[in-house]
Structures are given as structure tokens and as C-alpha cells.
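[1] just the structure for this:
(2 chains, ligands or ions: 2)
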Amino acid sequence: MSNTPTVEAVPHQRHGLAESLEIASLKVPFRIKVALVWLVIGGLLLIGFLKSGFDIAWMGDHAAAIVKAVWVTIAFSIIAIACAVGLALLGALGRVSRNPIAYGVSGFYTSFFRGTPLIVQLFLWYLALPQLALGLLPEQYATWFIWPAQVAGIVGIAFNYGAYMTEIFRSGIEAVPHGQAEAAAALGMSSGQQMRRIILPQATRIVIPPTGNEFIAMMKDTALIGLLGTTLMWADPFRMAQLSGKADFRNLEALIAAALVYWGLTAVFSIFQRKLEERMGRGYVRQSKAKT
Amino acid sequence: MTEPLVRVAGLHKSFGSLEVLKGVDLEIGAGEVVVVFGRSGSGKSTFLRCINFLEDPTMGTIEVAGIKIAAGSPTRFRRKQIQSLRKTCGMVFQQFNLFPHMSVLDNVMEAPRRISGDSAKDVKDHAMALLADVGLADKAAEYPIRLSGGQQQRVAIARALAMKPQVMLFDEPTSALDPELIHEVLSVMRSLAKDHSTTMIVVTHEMGFAREVASRMCFFHEGVILEQGTPEMMFDGSRLPETQRFLNAVM
Ligand SMILES: Nc1ncnc2c1ncn2[C@@H]1O[C@H](COP(=O)(O)OP(=O)(O)O)[C@@H](O)[C@H]1O
Ligand SMILES: [Mg+2]
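    Ligands and ions are numbered 1, 2, ... in the order given. So this is what the prediction gives:
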């Protein structure tokens, strides 16, 4: 009887400090610990900045202009993603087409725009295209191809992302089971109706998550447009930070402010994307709300 | 005898070097129910899919309800013809192939809404009547994924009927179903045949259904119709050893 091992048989005092800490730590949920790690990283960075003479007062005066420039990023991104989706849709339809012209053009498009650096493409649109136009066209038409930096930038980003998204859309279209188009065809629907009414709506659901990722990447890449030398009116947070930071020798403060703007923007959009994905699940989730 | 509703003449189909159909001829009159049976791989699905040109025949002609199309290349004119022919054929697949992004009612209304030219109200009334016929009027607003296999297949039948086809093609409509769900689909098909005199070509191994409903049975063997006749002839009369062996195996 007496040597039956029980929990109480181990006296409390015998715990070493390390062991007590471990037991206490096990009681703290994982999420809380992760949050603490983030806090510590943030705290250390803050201390580092302050020690380095980080000018909070300057931030107070100038950060507002940098934050406000987020509207430029949002505008660039929305216009560019809209154009990119259109290009990608055309590109994907070309990639799944049996028409040699559509297939060839879309193949050339994706190959070139995925095979060359984005920054080079931006300068091609901004500097090389006008030269080409001037060399080929009468002057009154050539001037149509001389674009301000922000226009060349948006076009460049749209074509580049459109090429990557062409492959996303193509695989989305091909992921719709073949029986779907067959069922529609058997009903007498034309191939255009099959594509519009049956295949694309189902492909949309498949491509939304990867397209959201492309959009997030695109929002960050719009910062490259500033390198073409946009005017103050079209200056995004990065360009704004460069201009004001350089002027006052406050590059650290300005660039940190710009980085935080992009970071916040992508965080907000990630939440939005998750909500959208939940909505798109309609028709694919077996159990919905009121089923008892 | 009146003109046949479906006429298949000299039908050949090859996939690359594999010749799957080696000359099939078949005429089907209005109101007939033809059951097609035979070993897996004998070309039954390919035959059915050639009738509405889901597979392009290598040789031969297909005629349905007066629309006659020969094997050939997919010119614009021929594509139009194929589309018209398809409107006269309803097809039901083994895997149902309902549109998962649409409600049951929208599945049934989709094709007539796009291509029949009927008014929106007529299309909807007809679709609801068809859903009532297959016993699923109360599921009109559901999405397909929330239905059982048997219910999905009944919706698929209603969807195929929505274009008011003159002939219905069934490709093993109960093979993907759990055994206890088979009878609900068969009873819808039985009622189509008996109450509505629908012309049907049914690939199936449900021999009870065949005996009761078929006006004719066709035994497919290695790409040809080896033997055909009424169910009585097939089940009781003298027949070829291949047919006999197959029927013994499935019954
Ligand atoms: N799209 C295709 N490509 C190549 N071979 C095919 C294709 N469809 C069917 N086949 C072949 O044709 C033969 C007959 O198939 P099928 O008509 O489906 O037979 P059944 O329906 O009688 O089982 C099989 O050998 C099958 O592998
Ligand atoms: Mg088959």
C-alpha cells in the first residue's frame, strides 16, 4: 500500500527553477507566446531606433504626407490589377484556344513579360517605346506613345502581372473538370456560352486566392513606378519618403514610415481576401448555417 | 413504317490507332427505348457520345429528328448543325456533371434561358414542373453538393429534359450511385418511358429495368452491335455465346 506511487508523493518543493518555469510556460497559450515574441522584436527595434537618434518629432511632421500618399498606391494598384485581369483573361483564353494566332500571341506575351525584369519593362514603356514610336510613326501619332511616368508605370506593371496571371487563369480554366463543358455542350450551348457561363465562373473561384497574392505583390511593386521619376502629385509613399527623407537627412525615419504604410496596406488586404474567399465558397460547402 | 427518329449509319470511331467503333448501324423509332449493354470497353459510351458529337465520328452519318450530319471537319457551318442536333438530344452522364456554382433550379433553367428563346416565365414554369416530375421541387434553391447522388442524377435528368429534346441518351446513369439510391433514378426513367413515351437510348446493366422497359436491346461487342432484339429474345430466346456469357455474368 505504502509504496503505491501517487502524484502527491512527489513533494512540491523539489521542483527546480527551470522545471517550474517550464510548467508555468505550458499554461500560456501558444498564440500569447507568439504575440510576446512579436512585442519583443518590436521593442528591440524601437530601442535601437531611439538610441540611434531616431527623430520622432520629424516623423510627426512628415509622416502624414507619406501616409497620405497611400492613395496613390491604392489608385495605381486598382487600375493595374483591373488591366492585368483583363490581359490575363485574354491571355488565358489564348492559351487554351486552338486558334494558332490566339495561341501564338499569348505564348509570346507570357514568354517575354515573364522572361525579362519588371524594372527593365518599366523603362521600356517609359523611354524605349517613345523612341520606337518616333522612329516609325508621323509625329502627331508618335506623341500618343509618350506617356507620363505614372502611366508608363501602370501599363508596365499591368502587362507584367497580366503575364504571370495568364498562367494562373489558364490553370484555373484547366482545373474545371471536363465533364462540365461536356454537359453544357450536350445541352446545345455554344463554346462561348460554355466558357462564359460554366467554365469561367468555376475557374474564378479557383483563381481568387492566387490572384489575391498577385495583387498583394503588385501593391508593393507599384513602388518601382517612383523610380521613373513621378511628379509630386503622383508620388507614392516610397517616392514621398525618398524626397522628404533626402531633403532633411532623415532617410531612416522616412523609409520606415513608408515601409509601415505598405505593410499595413497588405495586412488590410489579406483580411479582405480571406473574407472574399469565404463568400466564394457558396455552392461548394456541404453544410451551411441553418441545418439541424 | 414511319421515318426513324434516330438513324446511325456506318459509324466508325478511332482514337489514334485504336478503333473503338467498327461500323455501327442503328435506327430508332419515336417512343422506342433501346437498352445498350456489353462489356466495359466495348464502345458503348463512345457510341452514345458520337450520337450528339461529344466525340467526332471518324466515319459515318448521324441523323436525329431530321438533322443529318456526316463525319467531317469542324467548319463553322458544321458546328452550327451540331449545336442544333444537340438541342434535340438530352444527355445524362454517369457522373451527373451538374453545374456546382448554380442552384438546382438554375441548373435546369440555364440552357433554355440562353438558347430556347422562350420567355423567362415559361422557362421557369417548365423547369419547376420538371423538378416536380423528378420529385425535387422542394430542392429548387439548393446547391447540387447538398444533394445525394440519386437526387443529383434526377436533377440532371430534369436539366436534360428542359431543352425539350426528342431523344434522351443515358450513359450508365446509375453506375455511380449507392445501391439504395438506384431505384429512385430508375423509377424516374421508367416513368419517362411509360408515361411520356420518351425515346431513349440507355446504356445500363440494370437488367430488371431493361426487361421491363426496353423495346429493344443491343449487345455491344468489340465495337459492333453483335446481336439485338426484344428483351424476351435476349433473355429467353436463342442467342450467341458471347451474349449469353455476358448476361450470365451480370445477372
Ligand atoms: N477520349 C479517348 N481517347 C482514347 N481512348 C478512348 C477515349 N475514350 C474512350 N477510349 C477507349 O475506347 C474504348 C471504348 O471506351 P468506351 O466507349 O468508354 O467503352 P464502354 O463505355 O463500353 O465501357 C476503351 O478502350 C477506351 O479506353
Ligand atoms: Mg462507358
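
[2] could you report the neighbour count for the nearest residue to B:A156 once chain neighbours are set aside?
    Distance criterion C-beta to C-beta, 6 or more residues apart in numbering or on different chains; nearest residue to B:A156, sequence neighbours excluded, is B:F96 at 4.8 Å. Every residue, glycine included, has its C-beta placed from N, CA and C. The tally of other residues near B:F96 (other C-beta atoms under 10 Å in any protein chain shown) stands at 23.

[3] can you tell me how far B:Q244 sits from A:I199?
    Separation of B:Q244 from A:I199 (C-beta to C-beta, to the nearest Å): 45 Å.

[4] which of these two has more neighbours?
    A:I199 (22 against 14).

[5] the residue nearest to that one when sequence neighbours are not counted - how many residues pack around it?
    Nearest residue to A:I199 in three dimensions, chain neighbours excluded: A:V176, at 5.0 Å (C-beta to C-beta, 6+ apart). By the criterion of other C-beta under 10 Å, A:V176 has 20 neighbours.

[6] now the one 10 residues further on
    The number of residues packed around A:A186, counting by other C-beta under 10 Å, is 27.

[7] so what's it up against?
    With contacts defined as C-beta atoms under 8 Å, 6 or more residues apart in numbering or on different chains, the neighbours of A:A186 are B:N52, B:L54, B:R86, B:C89, B:G90, B:M91, B:A160.

[8] tell me the pLDDT of the residue nearest to A:I199.
    Among the per-residue scores, A:V176 holds a pLDDT of 97.

[9] over to it: give its phi and psi.
    phi -70, psi 130 (degrees, to the nearest 10).

[10] how about the helices in the chain?
    I went with chain A, as the question did not name one. A:17-27, A:30-51, A:56-68, A:70-95, A:100-115, A:118-123, A:129-136, A:139-142, A:149-175, A:178-186, A:191-193, A:200-221, A:237-248, A:251-280 (DSSP state H).

[11] actually it's chain B I care about, not the one you picked
    Under the criterion DSSP H, helices of chain B are mapped to B:44-51, B:76-87, B:104-115, B:120-133, B:149-161, B:179-196, B:207-213, B:231-236, B:241-250.

[12] stretch B:81-95 near chain A at all?
    Yes - applying C-beta under 8 Å from any C-beta of the partner chain, one finds that stretch B:81-95 is in contact with chain A at B:Q83, B:S84, B:R86, B:K87, B:C89, B:G90, B:M91, B:F93, B:Q95.

[13] B:L18: neighbour count?
    B:L18: 8 neighbours (other C-beta under 10 Å).

[14] show me what it bridges to in the sheet.
    B:F15 (DSSP bridges).

[15] same question, B:F170
    B:V92, B:V202.

[16] what sits against the closest residue to A:S77 other than its chain neighbours?
    Of all residues not flanking A:S77 in the chain, A:M219 sits nearest, at 4.6 Å (C-beta to C-beta, 6+ apart). Counting by C-beta under 8 Å, 6+ apart, A:M219 touches A:T73, A:I74, A:S77, A:Y262, A:L265, A:T266, A:F269.

[17] what count of nearby residues applies to the residue of chain A found nearest ligand 1?
    Nearest to ligand 1, among the residues of chain A, is A:H178, at 9.8 Å (C-beta to the nearest ligand atom). Neighbourhood size, A:H178 [other C-beta under 10 Å]: 9.

[18] so what's it up against?
    Per C-beta under 8 Å, 6+ apart, neighbours of A:H178: none.

[19] can you check A:K68 too?
    Per C-beta under 8 Å, 6+ apart, neighbours of A:K68: none.

[20] go on, B:V213?
    Counting by C-beta under 8 Å, 6+ apart, the residues that B:V213 touches are B:V33, B:V35, B:M189, B:R190, B:A193, B:K194.

[21] setting aside sequence neighbours, what's the nearest residue to it?
    B:A193 (4.9 Å).

[22] what's the answer for B:T46, then?
    B:V20 (4.9 Å).

[23] local confidence estimate at the one you found?
    Confidence score, pLDDT, at B:V20: 97.

[24] circling back: pull the most distant pair out of the contacts of B:V213.
    B:V35 and B:K194 (14.5 Å; C-beta to C-beta).

[25] which of the helices of chain A sits most buried?
    helix A:149-175 (a mean of 22; mean count of other C-beta atoms under 10 Å in any protein chain shown).

[26] now do that one against helix A:200-221, angle only.
    150 degrees (axes from the mean of the first three to the mean of the last three C-alpha atoms, to 10 degrees).

[27] which other helices and strands does helix A:149-175 contact?
    Under the contact criterion of 3 or more C-beta pairs under 8 Å, 6 or more residues apart in numbering or on different chains; DSSP states H and E, helix A:149-175 touches helix A:70-95, helix A:100-115, helix A:118-123, helix A:200-221.

[28] now the angle from that helix to helix A:237-248?
    Going by the same axes, to 10 degrees, helix A:149-175 makes 150 degrees with helix A:237-248.

[29] how many residues are close by B:N248?
    That count, for B:N248 with other C-beta under 10 Å as the rule, works out to 8.

[30] which residues are in contact with the nearest residue to A:Q180 once chain neighbours are set aside?
    Once flanking residues are discounted, A:Q180 sits nearest to A:I198: 5.4 Å by C-beta to C-beta, 6+ apart. Contacts for A:I198 (C-beta under 8 Å, 6+ apart) come out as A:V176, A:Q180, A:A181, A:A183, A:A184, A:M189, B:F99.

[31] surely the first one meets A:Q202?
    The reference is to A:V176. Yes - counting by C-beta atoms under 8 Å, A:V176 does reach A:Q202; the two are 4.6 Å apart.

[32] distance check, A:V28 against A:V40.
    Applying C-beta to C-beta to A:V28 and A:V40 gives a distance of 14 Å.
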